[in-house]
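*Asks:* My questions are about this predicted structure, shown below with the sequence.
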Amino acid sequence: MKKKELIQLIDSYFHNTVQLEQVEKAIRELAEEENISEIDEVMKKHWVEASVKEMPDEKEFSQLLDQIHHRINMTRENEDIRILERKKQTEKTDNKSITTIIHKISRIAAVLFLPLLLTFAWYLYSDVHKIHKKKKETPVAYNEIYTPLSAKTRFVLPDSTVVWLNSGSRLKYPFSFPGKTREVYLTGEGYFEVAKNRKIPFIVKTDNLDITAYGTSFNVMAYPDDPTVETTLVNGTVKVESVKDRKYMFLKPNTQALFNKETETLKGYRVDTRFYTSWKDGKLIFRNQPLGIVAHKLERWFNCTIHIEDHKMKNYRYTGNIEMETLREVLELIQITTPVKYTYNKKTREIWIKSKK
């Protein structure tokens, strides 16, 4: 068979227009060719050219694959019959020659069928990849809980973790935790009693820190307008990690990680956790706290606005407990224990604090 005819036959084969008789004839003649390397070269060239073309659609591919399977099976049966007939006609046929012919046929069938196998593999990979990609791209459904000022909220997450949200805070979390982590997004202040699951860590994500726990109780205060982010551990162990530089530290019970937003530094301190977690039980405990911090917490607690006339007054220290008191009762208590006086506009809920001097 001439090289030109071979190319035309292969081209017809790849375009699914070749007849069964041509395939049979080609296999017989190609098997008898002496220069099998030239045949391999031609088929390889066509394979490379065909592989960069657009793949057929799934329906066309299925039809083509069925036809090729049928043709190969038919050709294999016919060839077996011919080999047997030749053996009967020529008892002296060299077994080595028959082996060589079968070997050539196998090589030709492999070269012809390989692009189809490659196409099938490509479709299989493509379908699996699309399904996998679709799964990965499936949007996660989130729920978001917001606690208004002067209120507190307690609720349970899908993994049985219990959460308290303080005034002016919000927590975003998925309706389920199907992945390798349990991630929630906090803005404001929250207290977490994490359900134990060492295989799936619980992560509280804030703008500045990621706090990872497995089964612990801790408080995170991460209000956007605060200069610091506080993580206070009651029991267990948590990892506190900076979002920007990924520097981290581990906390033990009764310790606190304080992140300074301005300097972007993370430091640890030993603390009395009651002062940072009592809010969830409806109490505010102040021990020698600056008036500026006290006023800021009272604003969220009572949903009011407090103006301190002199910046130096913010450093006045205050000690006291607030539980069932009204806003006016708290202001009276502050006025008694510190050298300040106040005026209160009930309509606008604004308080002005001035020095007594």
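*Replies:* Arrived safely, thanks for sending.

*Asks:* can you list the domains in the protein?
*Replies:* Here the domain assignment for the chain is 3-137, 142-273, 283-355, based on automatic domain parsing.

*Asks:* Sheet partners, orientation included, of the longest strand seen in the chain?
*Replies:* Of all segments of type strand in the chain, defined using DSSP state E, the longest is strand 182-193. Its sheet considered, strand 182-193 pairs with strand 162-165 (antiparallel), strand 169-174 (antiparallel), strand 202-205 (parallel), strand 217-222 (antiparallel) by DSSP bridges.

*Asks:* So which bits of the second one are buried?
*Replies:* Just to be clear, that refers to strand 169-174. Using 16 or more other C-beta atoms under 10 Å as the test for burial, strand 169-174 gives Ser169, Arg170, Leu171, Tyr173, Pro174. For the C-beta atoms, the positions are set from N, CA and C on the backbone; glycine is no exception.

*Asks:* if we can go back for a sec, residues making contact with the longest strand of the chain?
*Replies:* Strand 182-193 has contacts (C-beta atoms under 8 Å, 6 or more residues apart in numbering) with 147, 157, 159, 161-174, 197, 200-207, 213, 216-224, 277, 279-280.

*Asks:* go on, stretch 291-307?
*Replies:* With contact meaning C-beta under 8 Å, 6+ apart, stretch 291-307 is reached by 148-150, 166-168, 226, 279, 284, 286, 308, 313-318, 322, 327, 330, 334, 338, 340, 348-353.

*Asks:* before we move on, what about stretch 150-160?
*Replies:* With C-beta under 8 Å, 6+ apart as the test, stretch 150-160 has contacts from 145, 147, 162-167, 173-177, 182, 184, 195, 197, 200, 202, 279-280, 282, 300-303.

*Asks:* What subset of the residues you listed is buried?
*Replies:* Buried members of the contacts of stretch 150-160, scored by 16+ other C-beta under 10 Å, are 147, 163-167, 173-174, 177, 182, 184, 195, 202, 279-280, 300-302.

*Asks:* Give me the neighbour count for Glu309.
*Replies:* Glu309: 11 surrounding residues under other C-beta atoms under 10 Å.

*Asks:* likewise Arg287?
*Replies:* Neighbours of Arg287 under the rule other C-beta under 10 Å: 12.

*Asks:* before we move on, the earlier item: pull the longest strand of the chain out as PDB, backbone CA atoms only.
*Replies:* Taking Å, rounded to 0.1, in the frame of the first residue of the first chain, the C-alpha atoms of strand 182-193 are listed here in PDB:
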ATOM      1  CA  ARG A 182     -16.000  24.700  61.200                       C
ATOM      2  CA  GLU A 183     -15.600  28.400  60.200                       C
ATOM      3  CA  VAL A 184     -17.700  31.300  61.500                       C
ATOM      4  CA  TYR A 185     -17.200  35.000  61.000                       C
ATOM      5  CA  LEU A 186     -17.500  37.400  63.900                       C
ATOM      6  CA  THR A 187     -17.900  41.200  64.000                       C
ATOM      7  CA  GLY A 188     -18.200  42.500  67.500                       C
ATOM      8  CA  GLU A 189     -18.100  40.400  70.600                       C
ATOM      9  CA  GLY A 190     -19.000  36.700  71.100                       C
ATOM     10  CA  TYR A 191     -18.600  34.000  73.700                       C
ATOM     11  CA  PHE A 192     -18.200  30.400  72.400                       C
ATOM     12  CA  GLU A 193     -18.600  27.100  74.100                       C
END
